[in-house]
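Visitor: got a predicted structure here, sequence first:
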Amino acid sequence: MARILSVFLPAWPTDRLRRQADHAPPEDAPLIVAGRVGNRRLVTGVDAAAAALGLRVGMAVSKAQALVPGLLVEKADPAADLASLERLALWVLQRLAPVVAVDPPDGIVIDSTGTDHLHRGEEAMLEALMGRLALSGVTARLALADTWGAAHALARHAADPTLIAHGPDPLAPLPLEALRLPPATAAGLRDLGFARISDLVGQPRGPLTRRFGPELCRRLDQALGEAAEPIDPLRPPGLIQVRRAFAEPIGAAETIARYVGKLVVQLCASLEERGLGVRRMDLLCTRVDNRVETVRIGLAVPQRDPQRLTHLLCDKIETIAPGFGIEVMTLAATLTEPLDARQASTLDTPAADLSGLIDTLSNSLGARAIYRVAPVASDVPERSVRRIPALATDADPGWPDHWPRPSRLLRRPEPIETMALLPDHPPNWIGWRGIRRRIRRADGPERIFGEWWTRDAERMAVRDYFRIEDEAGERFWIFRAGDGESRATGSHRWFLHGVFG
């Protein structure tokens, strides 16, 4: 079943202006974008501050200026909006899914079929995309549905800010405008008593087509999944890709694998001519019903080894549903990096190459599932590590060794029961996960202060850490929140934060 993600950018014209490196409008002033519709000068875009003051798209600019003194007005530039929207779509293409297209004037459509597992599921995928857009200063609403029409409608009329839908039922309560109908058609339907999409479902098609033309029924069928609506994928300039069209559609897994191998050889030859290696590669299989089946693989380091790339792609053939046959296969190097040829030497012992194993695991489990940790300059234990790609080089020299640290740090400190003398004595016993342990040895306290330069709430925060050993010889890392004297420094509750090996 196809899964389509629609990205709706309700304030795209103003967001684009805010994101300009040079000549960006002030952040604290309401902003609108003005354009001409005939002889009238109307508002074509508003930011959140202007919308909160009652300004809306379609309002006369003179009225908006009268309602909000000191209003910032910028000239509409649809060409710049579209160009910037295409750049954003290319950014999504490199990070999310192989099939991405612009849905002008204020959206992007993504065919995410079969790619959600690379992002730990649909919810995590939407959350990650929404977070990236928010950090970039882009207001967005996202909807994931079975069809482009349904996702488009839900993103603009139901998502708050994200929505995951299955089947046609969520479309029923939406207004007629959600079907992407011309304003005159929607107005005519309302005159006849139709108000929601559910009112149209089950109506005789003949009278509707004679009165409003074929567009109405076509849009309804596209939203309900009864008519195909292919997505024409966006392709960046200079993209390296190879294509194979078949006189007769193919569908057998062995045949698909054979032609995948041929396409990989052609692609690697093109990469070698340019001195490049591929980091992300997309296989697009266009079926006879115009539906596109996609396979995306990523690599830990640049590669152009045909055997390895063919193996990774063929492992994904089982995810391709050929239907009544595949007419065209396209293989594209979506992300490339320089890769110079090296001369092998028989005198040097080659270092162990883990990239093949990492590539196999990453494409099966998702790129985020394979990582390693690196040190970060922070005294707060849970902030002193970060995830980095499995084969990334370390930017820091190494882990701090001036104080012992546990081999296992809990994801979050867990509260424990204790009995201890304040302010500097360790506990006599602790109760953790239903087991009481008597303390035989202890060392500490090691005082760690909060990062007052990052959060005001940590200006006075203090933690006192102890290394303790119970009667069974097990060693733990515990701390007291606060200095044991002033409540302003912490709650004086005790927590277990790590276990020593």
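Guide: Ah, there it is. This structure is a prediction, so every number in the text was calculated from the model and none was measured.
Visitor: below-threshold pLDDT in the protein: ranges please.
Guide: 21-22, 341-352, 394-402 (pLDDT under 70).
Visitor: output the contacting helices and strands for the lengthiest helix in the chain.
Guide: In terms of residue count, the longest helix belonging to the chain (DSSP state H) is helix 253-274. Secondary-structure packing of helix 253-274 (3 or more CB pairs under 8 Å, 6 or more residues apart in numbering; DSSP states H and E): strand 240-250, strand 276-287, helix 306-314, strand 326-338. Where C-beta positions appear, they are placed from N, C-alpha and C, glycine not excepted.
Visitor: deepest-packed of these, please.
Guide: Highest mean neighbour count of the helices and strands packed on helix 253-274: strand 276-287, a mean of 21 (counted as mean count of other CB atoms under 10 Å).
Visitor: rewinding a little: okay, the longest helix of the chain in PDB with CA atoms only?
Guide: What follows is helix 253-274, C-alpha atoms only, in PDB (Å, rounded to 0.1, in the frame of the first residue of the first chain):
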ATOM      1  CA  ALA A 253      12.800 -11.200  -8.900                       C
ATOM      2  CA  GLU A 254      15.600 -12.800 -10.800                       C
ATOM      3  CA  THR A 255      15.000 -10.600 -13.800                       C
ATOM      4  CA  ILE A 256      14.900  -7.500 -11.700                       C
ATOM      5  CA  ALA A 257      18.200  -8.500 -10.000                       C
ATOM      6  CA  ARG A 258      19.900  -9.100 -13.400                       C
ATOM      7  CA  TYR A 259      19.000  -5.600 -14.700                       C
ATOM      8  CA  VAL A 260      19.900  -4.000 -11.300                       C
ATOM      9  CA  GLY A 261      23.400  -5.400 -11.700                       C
ATOM     10  CA  LYS A 262      23.700  -4.000 -15.200                       C
ATOM     11  CA  LEU A 263      22.500  -0.500 -14.100                       C
ATOM     12  CA  VAL A 264      24.900  -0.500 -11.200                       C
ATOM     13  CA  VAL A 265      27.800  -1.200 -13.500                       C
ATOM     14  CA  GLN A 266      26.800   1.700 -15.800                       C
ATOM     15  CA  LEU A 267      26.400   4.000 -12.800                       C
ATOM     16  CA  CYS A 268      29.800   3.100 -11.300                       C
ATOM     17  CA  ALA A 269      31.400   3.800 -14.700                       C
ATOM     18  CA  SER A 270      29.800   7.300 -14.700                       C
ATOM     19  CA  LEU A 271      30.900   7.900 -11.100                       C
ATOM     20  CA  GLU A 272      34.500   6.800 -11.900                       C
ATOM     21  CA  GLU A 273      34.700   9.300 -14.800                       C
ATOM     22  CA  ARG A 274      33.900  12.100 -12.300                       C
END
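Visitor: i'd like the first residue to be 347 from this point on
Guide: Right, with 347 as the first residue, what we last looked at is helix 599-620.
Visitor: between helix 652-660 and that helix, find me the angle.
Guide: Computed by axes from the mean of the first three to the mean of the last three CA atoms, to 10 degrees, the angle separating helix 599-620 from helix 652-660 equals 130 degrees.
Visitor: distance between helix 599-620 and the chain's centre?
Guide: Centre-to-centre, helix 599-620 and its host chain are 29 Å apart (CA atoms, centre = their mean, to the nearest Å).
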